[in-house]
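Novice: Just need the structure, nothing else, for what follows:
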Amino acid sequence: MRSAGDASLLHLLWLASPALPVGGFSYSEGLEAAVDAGVVHDETSAGDWLLNQLELVQARAELPVAAAAHAATLSLDVGRLTSLNDWVLQARETSESLQQTQQMGRSLLVWLQGLVPDAAVLPLLQSLKPAPTWPVVMGAAAASRGAALEPALQAIAFGWAENLMQAAVRCVPLGQTAGQRLLARLVQVIPTAVATALAASEPMAFSPLLGVHGARHETQYSRLFRS
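Specialist: Model (predicted):
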């Protein structure tokens, strides 16, 4: 007989999958621009870049927002969800990153509507304007599927890491084995990133080099990715 814990784990694995139909595979989050600039050029430099992003962006901004959205979903606090969503929209430094969080948030909400159409949080997420953002919907989706907070953040972080590893394999480029070594580096740091997010009193947005490369990507001559 399947236990409730087994079901929760399966839902987290599902949420963490890069195969989730939200378009995440089409974004490199500045990595492609870093490759074009020569900052990222091999396995080691790709790992360094993504570790910085995990520690400075995921741990301090995205995961704290998802954690707060998880709590707001459990209490059906529309005011808190709205303020979190507004913060994400205001903190995005480039038009591409703004487009990404809105497009992926909308797509994840559509997926969630099809999976749990009676979830009480759905009308609250639908009310977020101009669009629900990715970390807000991710936190809400995890809470709606009965996931505890810490494993939910671990799953969200792993899904991000696996997606960006695959982006590195395509645009550096790297072999599949090198990609798995890169993912192993990220996985070692994910527990620390999650602990940082859980301890954060509020999200922080400060990643100037990522913003610079993200802005350069918007006019980059040849691109594989949308960011």
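Novice: CA only for contacts and neighbour counts going forward, please
Specialist: Will do.
Novice: residues contacting the residue positioned nearest the centre of the chain?
Specialist: Nearest to the geometric centre of the chain sits Trp160, at 5.1 Å (CA atoms, centre = their mean). Contact analysis of Trp160 by CA atoms under 8 Å, 6 or more residues apart in numbering lists 16, 18.
Novice: How much space separates it from Pro123?
Specialist: 26 Å (CA to CA, to the nearest Å).
Novice: Low-confidence regions, the protein specifically.
Specialist: 1-6 (pLDDT under 70).
Novice: What are the boundaries of the strands in it?
Specialist: Using DSSP state E, no strands are assigned anywhere in the chain.
Novice: Next, count neighbours for the nearest residue to Ala141 once chain neighbours are set aside.
Specialist: Of all residues not flanking Ala141 in the chain, Leu112 sits nearest, at 6.8 Å (CA to CA, 6 or more residues apart in numbering). As a burial measure, Leu112 scores 20 neighbours (other CA atoms under 10 Å).
Novice: do Pro117 as well
Specialist: If we define neighbours as other CA under 10 Å, then Pro117 has 12 of them.
Novice: For it, grab phi and psi.
Specialist: phi -60, psi -20 (degrees, to the nearest 10).
Novice: Okay, it and Pro123: tell me how far apart.
Specialist: 10 Å.
Novice: now do Val172
Specialist: 41 Å.
Novice: the more surrounded of these two?
Specialist: Val172 (20 against 12).
Novice: Which phi and psi values does the more buried one adopt?
Specialist: Torsion angles, degrees, to the nearest 10, at Val172: phi -70, psi -50.
Novice: what separates it from Val187, distance-wise?
Specialist: Distance from Val172 to Val187, by CA to CA: 20 Å.
Novice: for Ala7, same thing?
Specialist: Distance from Ala7 to Val187, by CA to CA: 23 Å.
Novice: okay, those two: which has more neighbours?
Specialist: Neighbour comparison, Ala7 and Val187: the larger count goes to Val187, with 18 against 14 (by other CA under 10 Å).
Novice: Just list the residues touching Val189, thanks.
Specialist: Contacts of Val189 by CA under 8 Å, 6+ apart are Leu51.
Novice: roughly how far apart are it and Ala34?
Specialist: Val189 is 22 Å from Ala34, by CA to CA.
Novice: Can you give me the separation between Ala66 and Glu202?
Specialist: 11 Å.
Novice: More neighbours: these two, which one.
Specialist: With neighbours defined as other CA under 10 Å, Ala66 and Glu202 compare such that Ala66 has more, 29 against 13.
Novice: The more buried one: what's its closest spatial neighbour, skipping adjacent residues?
Specialist: Gly139 is the one closest to Ala66 (CA to CA, 6+ apart), at 4.1 Å.
Novice: same deal with Ala120?
Specialist: Leu76 (7.6 Å).
Novice: give me the number of residues near that neighbour?
Specialist: If we define neighbours as other CA under 10 Å, then Leu76 has 17 of them.
Novice: That one reaches Val121, doesn't it?
Specialist: Yes. Contact criterion CA atoms under 8 Å: Leu76 and Val121 qualify, at 6.4 Å.
Novice: quick one: contacts for the nearest residue to Glu150 once chain neighbours are set aside?
Specialist: In this structure, Glu150 finds its nearest non-sequential neighbour in Val194, 7.2 Å apart by CA to CA, 6+ apart. Listed by CA under 8 Å, 6+ apart, the contact partners of Val194 are 59, 63, 150, 153-154, 157.
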